[in-house]
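A.B. asks: Provide a 3D model corresponding to the input given below.
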Amino acid sequence: MTTLQKLIEQIILASRFILVVFYIGLAVALAVFAGQFLVKLAGLAGQFPAADDNVFLLGVLQLIDKALVAGLIVMVMLSSYDNFVARLEDPENQRQIGWLSKLDPGSLKIKVASAIVAISSIHLLQVFLNTRTYTTEEIFWKVVTHVVFIASAVSLGFLDRMTDKANVRMVKDQPDQARRSTTP
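C.D. replies: Coordinates of the predicted model:
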């Protein structure tokens, strides 16, 4: 291996730390999003005695939506850092972050797709609770978009399952191939 090749490999490996900028940005976005959540919660609490049930329910759905998005940000930030930059290690809280090692990029995509479907479901429920502010065409396209999200999530799940099955088959076949290659 030449010195130039070693240098190139070191640069490529070190470049993964550039991703930290994105994860810090996501942490800042999460803090801003938490501020929006608190403002929405305060506004909802201020309306509480006088708000009609439908308005209150829409407000609660918006809070749930924000909580799901915040969880999505945290999941992407932590698991991506753990997968691509460096392992997150905290011996005192190992049980709390142990799930990170189980989130490979494929399972993360499925979790993200599932969260997007859940968020879309909440948006669709908000639309159905407030139909008079939407045209029939707008409702139609929101439903179509939701169905596309569901189809995408199901497709990702199917592809991930097929990949897992293919990997299991490869592992099972390897000992057989090794035996065949050693026999004359």
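A.B. asks: where are the low-confidence patches of the chain?
C.D. replies: Low-confidence segments of the chain, defined by pLDDT under 70: 51, 90-103, 165-184.
A.B. asks: what does the domain assignment say about it?
C.D. replies: Split into domains by automatic domain parsing, the chain comes to 1-97, 104-184.
A.B. asks: In a markdown table: the ones you listed, plus mean neighbour count.
C.D. replies: (Glycine included, C-beta is placed from N, CA and C.) Formatted as a markdown table, the domains of the chain follow (neighbours: other CB atoms under 10 Å):
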| stretch | mean neighbour count |
| --- | --- |
| domain 1-97 | 13 |
| domain 104-184 | 13 |
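A.B. asks: how close does the most centrally placed residue in the chain get to residue 82?
C.D. replies: Among the residues of the chain, residue 112 comes closest to the average C-alpha position under CA atoms, centre = their mean, at 2.8 Å. With distances taken as CB to CB, to the nearest Å, residue 112 is found 15 Å from residue 82.
A.B. asks: got it, and residue 27?
C.D. replies: 15 Å.
A.B. asks: And residue 48, by the same measure?
C.D. replies: 40 Å.
A.B. asks: if I look at residue 22, how far off is residue 136?
C.D. replies: 40 Å.
A.B. asks: Relative to the whole chain's centre, how far out is the helix or strand where residue 44 lies?
C.D. replies: Counting by DSSP states H and E, the element that carries residue 44 is helix 19-47. Distance of helix 19-47 from its chain centroid, counting by CA atoms, centre = their mean, to the nearest Å, is 17 Å.
A.B. asks: ditto for stretch 52-68
C.D. replies: That offset, for stretch 52-68, works out to 22 Å (CA atoms, centre = their mean).
A.B. asks: What of stretch 18-28?
C.D. replies: Counting by CA atoms, centre = their mean, stretch 18-28 comes out at 15 Å from the chain centroid.
A.B. asks: same deal with stretch 9-18?
C.D. replies: 25 Å.
A.B. asks: Then stretch 63-80?
C.D. replies: For stretch 63-80, the distance to the chain centre is 7 Å (CA atoms, centre = their mean).
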